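Asks: Have a look; sequence and predicted model below, questions after that.
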Number of protein chains: 2
Amino acid sequence: MTTTVSTGSSGSSVSPVSLDSPPSVPNAWDSDPKRLAWMVGSPPPPEKVVCFADGSMRQFPQSRWAYSHMRALVPTKTVARGAAGVALPRADRDDLDAVSFRPIGSEVPMTWAQSMAANYTDGILVLHRGRVVDERYFGVLDADRPHIAFSVTKSFVCTIAACLVHEGRLDDQAPVSQYVPELSPSAFGQATVRQLMDMTTGLQYSEVYTDPKAEIWDYARAGNILPRPATYQGPKSFYEYLVTVKRQGTHGEQFAYKTVNTDALGWIIQRVTGQSLAENLSQRIWRHLGVEHDAYLSVDTTGTEFAGGGLNTTLRDLARFGEMMRNHGEADGRQLIPKAVVDDIRGGADPVKFKPAGYLTLPGWSYRNMWWVSHNAHGAYMARGVHGQALYIDPTAEMVIARYASHPIAGNMGIDPHSLPAYHAMALHLMHHR
Amino acid sequence: MTTTVSTGSSGSSVSPVSLDSPPSVPNAWDSDPKRLAWMVGSPPPPEKVVCFADGSMRQFPQSRWAYSHMRALVPTKTVARGAAGVALPRADRDDLDAVSFRPIGSEVPMTWAQSMAANYTDGILVLHRGRVVDERYFGVLDADRPHIAFSVTKSFVCTIAACLVHEGRLDDQAPVSQYVPELSPSAFGQATVRQLMDMTTGLQYSEVYTDPKAEIWDYARAGNILPRPATYQGPKSFYEYLVTVKRQGTHGEQFAYKTVNTDALGWIIQRVTGQSLAENLSQRIWRHLGVEHDAYLSVDTTGTEFAGGGLNTTLRDLARFGEMMRNHGEADGRQLIPKAVVDDIRGGADPVKFKPAGYLTLPGWSYRNMWWVSHNAHGAYMARGVHGQALYIDPTAEMVIARYASHPIAGNMGIDPHSLPAYHAMALHLMHHR
């Protein structure tokens, strides 16, 4: 069966994507990065080299290796951990493989075990009541290797911003230009900080990955995410790009997912705190979370971190962040994020403003403080990143799921159908089978 | 007073360098990277940006910032630490500032405190009997920030190789081509592994940094250490360069310091072990040394680590490595490096083969397993890196000194005169004033 739906993270554009395996794309087994032996050998054979300069790191299936090796491909900045990690308590279970669910748009049930390959999963970890009940790695990922979180980064960044608002250091009703005067002439100038945080700005900026003329590609070249042609004359940093963004539509009217909002917010955070995003994340969260590893952020050629998608963490450390959110902002007896900030995120924003964005897999959802809020019966909410990165928190089921993936499609429609129902099924299973 | 001497790391060429402050180069205070505020601000002002693409990261005084921020400038690979660091025991002393010595080529005594600025020191740590008696940071370095070790890397890499020889996995009398057939047509092909390890190969390769036509610059462009011109058509990796190196002179006759030897040795290590240098270093040493931080290695565009100079560590972790060597290869009750390997390094090579290289500050020294051996009364030996990186081990005084620096001159003649005598004076002071 084939259904056409919108791509996951490309905002209001509705482009047709098949729910079945993408046409002419290798499946999880055929694209397995360990089997394909990228970058193996001294030196690797030329056809097995994955690198930045020729764009191969962004191409599937090379991406399946690259997403677990970002620091070997691009410059990065450390998000420092604290002195010692705290091991996650374990309660591994052997009854989870068979957990069954019906993928969105399909009549054929699928099991939890089957969903791993369907989602091109690199790693998945399920916490129930704070204990590891399931943890699996595929391809080249392992427990000690950071993986790119892509737009999951946004939820980290905006949680920092929400804390600053809570503390009175940042006024979310103030115009962006109050904090970053350089943005005054751009579309961001007249937007409020709150409109950035909930992505209700009106911007002439397309994130439709299937359109080679979409502004996201210019943005990627500016931020040194993609290689630049020899003749490149465009903006040379994230900030140089941001000041060029033009208005389209009215600020505050509806949700429209555009990565530039997060980098503008990152700019504000740096101005308000006088510290880099890496320092902010480290000092407020990472040092106190009991993580096992430093995280890191990719940077552009002026040293600015990619707030919209540059974070890399291990899977366990991502799960620790989710568990802290589930525990109302508390970790190891210490309140890292004010409970009011977590409650505000969980409460979500107005689903009416979200609906026009046309996410067929996210009916009734909203976007608040750069978290995706389901408004379902369990009050589940998520951080989501392109190519299948996810942090799913189900407060009712006392469950947190962290997943890293390298799905071939740059949009969540390839992956939501086999993951969102799987998460809810897992939640119900854990609640009712102890 | 001005004396002309050879540059420190440029092998047999003797080029004139003043012992006084280099002409028209800012001193340590005027070049202080914190004061000059490189990369401060969001974004930093254009004239304060330090980056790879325009070569500024390799230029003094920007280098004083860059050497403490390499991973934000270039792609890197992690050398993973173990689960938990072990704090260095402390016995800080306040009588060390006044320790006095006579710089080489000078009649005017200098104090330990004065030598800090003279050497453009970024950080220095002295261990006596395993305890920290002195630890200082300058510029932008701090206890938790990795600094580039440059050629100190070579001593790490060759210590690994020496272990493999000790274990019978690598035959140091075999020709290089036995392990890396690709090197057969090059000058390396007929050299023995031992000749690489002691750098007695005869290679047409100049490392005179003051000569813009020296092969070191071609090598740097091949390894992505320096940016490539748009029209660049040369080798695109370390290995592609190594196979082009031609013979000059006779293998085995005399010591000649040439970085390419280490990268050829790194290639051998990877072939013999089937693991990257980062994995080798991590599994044999870094995981068991009680280090506080991951180290990292810079990589070329094919993912090959820069064996000749790409290691970055914190100062304390470098000191831990030195202390392990001082303790005959043992750390925390575990034998990481066989005692025989450490003894072999301490014993040095033949000073007669070293002498023709013309190092005026290193009379009677030798080079063994890529360590610099003083053959002085204390049996001191060193790992040394360009721009002032040093790990100095004095077995008699039970002293280890780790130093990171960002000296403007790419040669040790700027820094040996105010550091080698200082280290020996410190050793005598610690022995006789407890």
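Replies: Yep, that arrived. Predicted model, so just to flag it, every value in this text is computed and none were measured. Numbering: from 1, shown residues only, chains lettered A, B, ... in the order given.

Asks: Alongside chain B, which residues does chain A contribute?
Replies: Residues of chain A that fall close to chain B, judged by C-beta under 8 Å from any C-beta of the partner chain: A:39, A:42-44, A:49-53, A:71-78, A:80, A:83-85, A:144, A:230, A:237, A:239, A:267, A:270-271, A:276, A:292, A:294, A:296, A:299, A:301-304. Placement of C-beta: from N, CA and C, glycine included.

Asks: Could you rerun that using 7 Å?
Replies: A:39, A:42-44, A:49, A:51, A:53, A:71-77, A:80, A:84, A:144, A:230, A:237, A:239, A:267, A:270-271, A:294, A:299, A:301-304 (C-beta under 7 Å from any C-beta of the partner chain).

Asks: Now, the residues you listed that are in helices?
Replies: Using DSSP state H, the subset of these located in helices is A:239, A:267, A:270-271.

Asks: Please enumerate the helices of chain A.
Replies: Taking DSSP H to define them, one finds helices in chain A at A:33-36, A:63-66, A:112-118, A:152-166, A:176-179, A:193-197, A:215-222, A:238-242, A:260-273, A:277-284, A:315-326, A:339-347, A:351-354, A:420-432.

Asks: Residue B:179 is nearest to which of those?
Replies: Closest to residue B:179 of the helices of chain A is helix A:33-36 (C-beta to C-beta; 25.5 Å).

Asks: neighbouring contacts of that closest one?
Replies: With C-beta atoms under 7 Å, 6 or more residues apart in numbering or on different chains as the test, helix A:33-36 has contacts from A:61, A:64-65, A:139-140.

Asks: And for stretch A:328-341?
Replies: For stretch A:328-341, using C-beta under 7 Å, 6+ apart, the contacting residues are A:86, A:159, A:162-163, A:166, A:284-285, A:288-290, A:324, A:342.

Asks: For that stretch, list the C-alpha coordinates in CSV.
Replies: What follows is stretch A:328-341, C-alpha atoms only, in CSV (Å, rounded to 0.1, in the frame of the first residue of the first chain):
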residue,chain,number,x,y,z
HIS,A,328,10.2,17.4,36.1
GLY,A,329,13.7,18.8,35.5
GLU,A,330,15.4,17.0,38.4
ALA,A,331,18.5,14.7,38.1
ASP,A,332,20.4,13.1,41.0
GLY,A,333,18.5,15.3,43.5
ARG,A,334,19.3,18.5,41.8
GLN,A,335,16.8,20.7,39.9
LEU,A,336,18.6,21.4,36.6
ILE,A,337,15.5,22.8,34.8
PRO,A,338,12.8,24.6,36.7
LYS,A,339,9.6,22.4,37.1
ALA,A,340,7.6,25.3,35.7
VAL,A,341,9.7,25.2,32.4
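
Asks: Name the residues of it that are buried.
Replies: A:328-331, A:336-337, A:341 (16 or more other C-beta atoms under 10 Å in any protein chain shown).

Asks: can you map out the strands along the stretch 51-200 of chain A?
Replies: A:76-79, A:100-101, A:110-111, A:121-128, A:131-137, A:147-148 (DSSP state E, counting those that start in this stretch).

Asks: most tightly surrounded among these?
Replies: When those are scored by mean count of other C-beta atoms under 10 Å in any protein chain shown, the highest mean neighbour count falls to strand A:147-148 (a mean of 29).

Asks: Pairing partners for that one, with directions?
Replies: Strand A:147-148 has its sheet partners listed here by DSSP bridges as strand A:311-313 (antiparallel).

Asks: returning to that earlier point: quick check: strands, which of the buried residues of stretch A:328-341 are part of them?
Replies: When those are checked against strands (DSSP state E), the matches are A:330-331.

Asks: Now do the same contact list for the closest residue to chain B within the stretch 1-150 of chain A.
Replies: Nearest residue of the stretch 1-150 of chain A to chain B, counting by C-beta to the nearest C-beta: residue A:42, 3.8 Å away. Residue A:42 is in contact with B:267, B:270-271, counting by C-beta under 7 Å, 6+ apart.

Asks: Kindly report the same for residue A:385.
Replies: Residue A:385 neighbours (C-beta under 7 Å, 6+ apart): A:149-152, A:309.

Asks: returning to that earlier point: make JSON lines out of the contacts of helix A:33-36 and add distance to residue B:433.
Replies: Shown next, in JSON lines, are the contacts of helix A:33-36 (distance: C-beta to C-beta, whole Å):
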{"residue": "A:61", "distance to residue B:433": "65"}
{"residue": "A:64", "distance to residue B:433": "61"}
{"residue": "A:65", "distance to residue B:433": "57"}
{"residue": "A:139", "distance to residue B:433": "59"}
{"residue": "A:140", "distance to residue B:433": "55"}
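
Asks: Contacts only, for the nearest residue to residue A:388 once chain neighbours are set aside.
Replies: Leaving out its chain neighbours, the residue that sits closest to residue A:388 by C-beta to C-beta, 6 or more residues apart in numbering or on different chains is residue A:405, at 2.9 Å. Residues near residue A:405 by C-beta under 7 Å, 6+ apart: A:119-122, A:387-389, A:415.

Asks: Of the residues you listed, just say which sits nearest to residue A:206.
Replies: Comparing the contacts of residue A:405 against residue A:206 with C-beta to C-beta places residue A:387 closest, at 18.6 Å.

Asks: neighbours around the residue in the stretch 251-400 of chain A that chain B sits nearest to, how many?
Replies: Closest residue of the stretch 251-400 of chain A to chain B, C-beta to the nearest C-beta: residue A:270 (3.8 Å). Around residue A:270 there are 23 other residues, counting by other C-beta atoms under 10 Å in any protein chain shown.

Asks: quick one: residue A:340 from residue A:380, how far?
Replies: Distance, residue A:340 to residue A:380, by C-beta to C-beta, to the nearest Å: 20 Å.

Asks: before we move on, what about residue A:403?
Replies: Noted for residue A:403: a distance of 14 Å to residue A:380, by C-beta to C-beta.

Asks: Neighbour count for the two, which is higher?
Replies: For residue A:403 versus residue A:380, neighbours defined as other C-beta under 10 Å are more numerous around residue A:403 (29 against 24).

Asks: residue ranges with poor pLDDT in chain A?
Replies: A:1-23 (pLDDT under 70).

Asks: Can you pull up the most central residue in it?
Replies: residue A:152 (2.1 Å; C-alpha atoms, centre = their mean).

Asks: quick one: that residue and chain B, what's the gap?
Replies: According to C-beta to the nearest C-beta, to the nearest Å, residue A:152 and chain B sit 21 Å apart.

Asks: residues in contact with that residue?
Replies: Contact analysis of residue A:152 by C-beta under 7 Å, 6+ apart lists A:311, A:383-385, A:389, A:391.

Asks: repeat for residue A:325
Replies: By C-beta under 7 Å, 6+ apart, residue A:325 lies in contact with A:342, A:393.

Asks: now swap in residue A:206 and tell me
Replies: Applying C-beta under 7 Å, 6+ apart, we find residue A:206 in contact with A:214-216.
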